[in-house]
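In: With the input below, show me the fold.
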Amino acid sequence: MKKILLFLIIFPGFFSCDIVDYFLPNSIPVANAGPDQSVSLGQKVVLDGSKSYDSDGDKISYLWHWLVSPDGSQALFYDYNKVSCYITPDLPGTYIILLVVNDKKEDSAPDKVIIHVN
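Out: Numbers count the residues shown, from 1 in each chain. Model (predicted):
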């Protein structure tokens, strides 16, 4: 993020003005995959990353990843690269999903959400 400073120094009989450009270091964005959920088999699960942020105010992109799903599951992500995505679990068990956000400079640390399917 670029900042511009204007230095204005005034003393009796002396005047100085300088403009200085400097760059602040980038802050790593923070992913928030939302709360863990318990659902019934076949129920659509909405994953919400809207509490993710970048403290520099940079626009962030989203990417949801599988970490764990029950053996044999064929469940798919829908809208896996958007702030909110959804899955429809096809087997009972535990699904663990990661969210990583990026500010076009750096990836966040992953945040996980656990889905328990009965």
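In: shaky segments in this structure?
Out: Applying pLDDT under 70 to the chain picks out residues 1-8, 15, 17-23.
In: residue ranges of the helices in it, please?
Out: Ranges of helices in the chain, per DSSP state H: none exist.
In: could you pull out the strands for it?
Out: In the chain, the strands defined using DSSP state E lie at 2-11, 14-23, 37-39, 45-48, 61-68, 77-78, 84-87, 93-102, 111-117.
In: in the fifth one, what counts as buried?
Out: If you call a residue buried by 16 or more other CB atoms under 10 Å, then strand 61-68 has these buried ones: 62-64. Using the backbone N, CA and C atoms, a C-beta is placed for each residue, glycine as well.
In: What count of nearby residues applies to Lys94?
Out: Check again: residue 94 is Thr, not Lys. 13 (other CB atoms under 10 Å).
In: Lys82 - nearest residue in space that isn't next to it in sequence?
Out: With CB to CB, 6 or more residues apart in numbering as the criterion, Lys82 has its nearest non-adjacent residue at 6.0 Å, and that residue is Tyr62.
In: Please name the residues that touch the one you found.
Out: Tyr62 sits next to 49, 52, 81-83, 85, 99-101 when contact means CB atoms under 8 Å, 6 or more residues apart in numbering.
In: before we move on, the earlier item: ok, of the buried residues of strand 61-68, which one's closest to Ser38?
Out: For the buried residues of strand 61-68, the closest approach to Ser38 (CB to CB) belongs to Trp64, at 19.0 Å.
In: Please consider this matter closed, and thank you.
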